[in-house]
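Trainee: Would you be able to build a 3D model of this:
(chains A and B)
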Amino acid sequence: MHREQHMKGILQRWSAVGVGVLVRLLARLVTAARPVWQGIEPLPKQRIYYANHASHGDFVLIWMTLPPRMRAQTRPVAGADYWQTSAVRRFLIEDVFHAVLIDRRPEQRQDDPLEQMGKVLGGGDSLILFPEGTRNTGDTPLLPFKSGLYRLAKAHPQVELIPVWIDNLNRVLPKGEIVPIPLLCTVTYGAPLALEEGEDKTVFLARAERALLALSNSSDPSAREGTQ
Amino acid sequence: MMGNVIVPAGLVTLLGVIVGILVLASVTGYVLQRRFSPQGDNEVIENLNQRIHSWWIMAILMGVALLGGRTGVVLLFAFASFSALREFISLIPARRADHWTLALAFFVVLPVQYVFIWQQYYGMYSIFIPVYAFLLLPVISTLRGDSQGYLERVSEVQWALMICVFCVSHVPALLSLDIPGYEGRNVLLIAFLIMVVQLSDVLQYVWGKLLGKRKIAPNLSPSKTLEGFAGGVLSATLVGAALAWMTPFSVLQAAVLALMIALLGVFGGLVMSAIKRDRGIKDWGHLIEGHGGFIDRLDSVVFSAPIFFHVVRYFWSIS
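Mentor: I've put the predicted structure just below:
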């Protein structure tokens, strides 16, 4: 019995690795996602990557554009309500992406999301976070940030906050469509942000939003740099 | 599968020549870097070495495809079309209403065109995109009732398909030509076209860097000069003449065809530059290190392939 479980564990781990490679290949084929490190280097420091959120695949693009060593130590924060609805989704989010699943319904949840994320940071891993809280399907570039980013910054001042702008993925698979359109996507990593002494929550969140939006302009296709 | 493929006489020699040229280029790049850019601070030399590195990869892929015969060549160019189409579509401001049109372009039109090419079904691959896709895709774009920017939207998708799929697919289409006395050697026609086009690009770059003064199209392609153009096209013509041994053409015919290919290649570069300027970008993508995107590397092939195909078909082929 014990041996059987052990075998099952190994099988599950290897299939998770295999599926991870497959997801990366597929994502590469569809988006050819390319990281742009702008005012920051891909160094293995402990970081919170916070990004705009327009599609369920957003964290995959950040995850795949990080160097492998950093990828292994970076965990996306995802909504349990969406990802726990089927066995396939649960396998993907837990075994392949090692996500931190949080319950977005305050009245029903048992675990405090901040505590869950704090535990991961305490273990030395980095996080991928979408401070808008939900997918932005409207015409505004960003929804107002939730306060979680501020509270994490306050509780973990040693962790760098990195704005990450994901460009074009919302056009790959607009809301309600099932077939993705292959389009080039870029993932722009910006200069780190830190909470200042005594900085107010709204001031800080507004600053974090501006830092993220500033990257969206520079990753506009019409401003792309080339060689010729 | 591989067992049935007979490597045509001349292909191995040609691949040897290409490897020789690339070794020479790599050595030159290395010496230049040692002398002028030891710290990696000379951008022109760094870019040159990136380009040479990418040339190795492209030449190896091309060599493997040519040795693999029809299936290899069709697969390679289908992939190139896919990558080029992905770059082109990324630049057009398609609306939500075009979602299915674009999905069909990628997942139906492109594969079907290459199936026709693989079947060597001339009657279909020469009209499938200009006739069927041209008429049917705009219908799909009307289905959601959005007419804003309609004419631009449908023309951009049609242009994307013509450039990235139809034109590119005429390179592997060369395999279907039936030239008496040249049976089983058609892959060398592909090699001839690609060698002339790409060497013409490289030689224009080299002549331009060495002697370039007078700009031809300062608004479209600021790096193009009269000296680079003339030197490149003329030396590409000589290259074509020197490659006559692997074609069904005489030396003079090969030179004339090479001149035509090189000129069309220049035009292709100009047209694709105009599109890039219109969209405010410098390169189509970043997938080929030092060169930009697939379209940046294919722009001259795009214009020369279909016309080279039809000229050879008209004057040399019996079917």
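Trainee: need the contact list for residue B:211.
Mentor: Shown in contact with residue B:211 (CB atoms under 8 Å, 6 or more residues apart in numbering or on different chains): B:225, B:227-228, B:231. Just so you know, the C-beta spots here come from the backbone N, C-alpha and C atoms, and that holds for glycine as well.
Trainee: Separate out the buried members of the residues you listed.
Mentor: B:225, B:227-228, B:231 (16 or more other CB atoms under 10 Å in any protein chain shown).
Trainee: Just these: which are in strands?
Mentor: Counting by DSSP state E, none of the members of the buried ones among the contacts of residue B:211 fall within strands.
Trainee: Looking at these, which one is closest to chain A?
Mentor: Nearest to chain A out of those is residue B:228 (CB to the nearest CB; 13.0 Å).
Trainee: Can you add distance to residue B:57 and pLDDT and give the contacts of residue B:211 back as a markdown table?
Mentor: Output for these, formatted as a markdown table (distance: CB to CB, whole Å; pLDDT from 0 to 100):
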| residue | distance to residue B:57 | pLDDT |
| --- | --- | --- |
| B:225 | 28 | 85 |
| B:227 | 30 | 88 |
| B:228 | 25 | 89 |
| B:231 | 27 | 92 |
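Trainee: Would you tell me which helix is longest in the chain?
Mentor: All of this is about chain A. Criterion DSSP state H: the longest helix present in chain A is helix A:2-31.
Trainee: you looked at the wrong chain, it should be chain B
Mentor: For chain B, the helix with the greatest residue count under DSSP H is helix B:251-279.
Trainee: and it, what other elements does it pack with?
Mentor: Helix B:251-279 sits against helix B:187-211, helix B:226-242, helix B:294-315, with contacts defined as 3 or more CB pairs under 8 Å, 6 or more residues apart in numbering or on different chains; DSSP states H and E.
Trainee: would CSV of those with distance to residue B:123 be doable?
Mentor: Formatted as CSV, those follow (distance: least, CB to CB, whole Å):
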stretch, distance to residue B:123
helix B:187-211, 21
helix B:226-242, 30
helix B:294-315, 13
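Trainee: Mind checking these for the one nearest to residue A:126?
Mentor: Of all the helices and strands packed on helix B:251-279, it is helix B:294-315 that lies closest to residue A:126, at 33.7 Å by CB to CB.
Trainee: Let me know whether the closest one sits next to chain A.
Mentor: Yes: Helix B:294-315 reaches chain A (CB under 8 Å from any CB of the partner chain) through residue B:296.
Trainee: what about the stretch 1-150 of chain B, any weak spots by pLDDT?
Mentor: B:1-6 (pLDDT under 70).
Trainee: Residues of it that sit close to chain A?
Mentor: B:47, B:82-83, B:85-87, B:89-91, B:94, B:96, B:99-100, B:102-103, B:106-107.
Trainee: Counting neighbours, which of these end up buried?
Mentor: Buried residues within those, counting neighbours by 16+ other CB under 10 Å: B:82-83, B:85-87, B:89-91, B:94, B:99-100, B:102-103, B:106.
Trainee: For the residues you listed, work out which two are farthest apart.
Mentor: B:83 and B:100 (21.7 Å).
Trainee: From residue B:273, how far out is the closest residue to residue B:272 other than its chain neighbours?
Mentor: Nearest non-adjacent residue to residue B:272, counting by CB to CB, 6 or more residues apart in numbering or on different chains: residue B:299, 3.9 Å away. Per CB to CB, to the nearest Å, residue B:299 is found 8 Å from residue B:273.
Trainee: who has more neighbours, the two?
Mentor: Ranked by neighbour count (other CB atoms under 10 Å in any protein chain shown), residue B:299 and residue B:273 place residue B:299 first, with 28 against 21.
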